[in-house]
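In: Just the structure for this:
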Amino acid sequence: MEQLINLSTDKVGEADFEQPVQVEPGQSVRSVLDRLQSEQSGSALICEAGKLVGIFTERDALKLIASQSDLDQPVENVMIPKPVTLGSDDTLGDAIRLMASRGYRRLPVIDDEQQPLGLLSTSGILHYLVDHFPSVVYTLPPTPHHSTQEREGA
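Out: Prediction:
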């Protein structure tokens with residue numbers, strides 16, 4: 001029997017988190033990119049004394065590379081300071097609305113002391129939904145609301 005899900009009450013802490021890459025603000029962009037590549041991650045949380053102070057994503061990296069910026073500069077020069085975050089008690093509905101309205105693919109989840117607990121990603125939310133509704137998700141047609149514009153057949 002499938003469990004009921006309520007995105008307005010189910011908490012972020014119930015979803016799957018990614019383990020974030022954490023780096024110090026003084027590390028070079030080049031070393032952060034190397035670490036992201038080796039750990040196959042799309043973002044790094046910039047932490048000072050264990051507290052989140054910024055985020056650096058693959059989108060930021062693409063902008064730097066496209067503008068031929070210095071990759072040996074400290075990541076704190078190009079990070080997004082004070083990123084939008086979630087707490088584990090925030091609802092999944094709030095997380096989805098925030099991600100959709102601002103175009104985020106990942107949001108840091110932090111505790112009361114600003115220490116990272118993980119990264120909530122769109123795929124983490126999707127896995128949460130699949131776990132609760134496997135028969136619905138796995139039986140969807142490739143284009144669920146498709147209507148043929150022309151008559152098919154001979």
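In: from here on, contacts and neighbour counts on C-alpha atoms
Out: OK.
In: Name the SS class of the nearest residue to residue 25 once chain neighbours are set aside, please.
Out: Among residues not flanking residue 25 along the chain, residue 76 sits closest, at 4.8 Å (Cα to Cα, 6 or more residues apart in numbering). Assigned with DSSP: H, G, I helix; E, B strand; the rest coil, residue 76 falls in the helix class.
In: most centrally placed residue in the chain?
Out: For the chain, residue 106 is the residue whose C-alpha lies nearest the centre (Cα atoms, centre = their mean; 1.4 Å).
In: show me the contacts for the closest residue to residue 112 other than its chain neighbours.
Out: Excluding the flanking residues, the one nearest residue 112 by Cα to Cα, 6+ apart is residue 87, at 7.9 Å. By Cα atoms under 8 Å, 6 or more residues apart in numbering, residue 87 lies in contact with 12, 13, 109, 110, 111, 112.
In: can you check residue 76 too?
Out: Listed by Cα under 8 Å, 6+ apart, the contact partners of residue 76 are 25, 26, 27, 46, 54.
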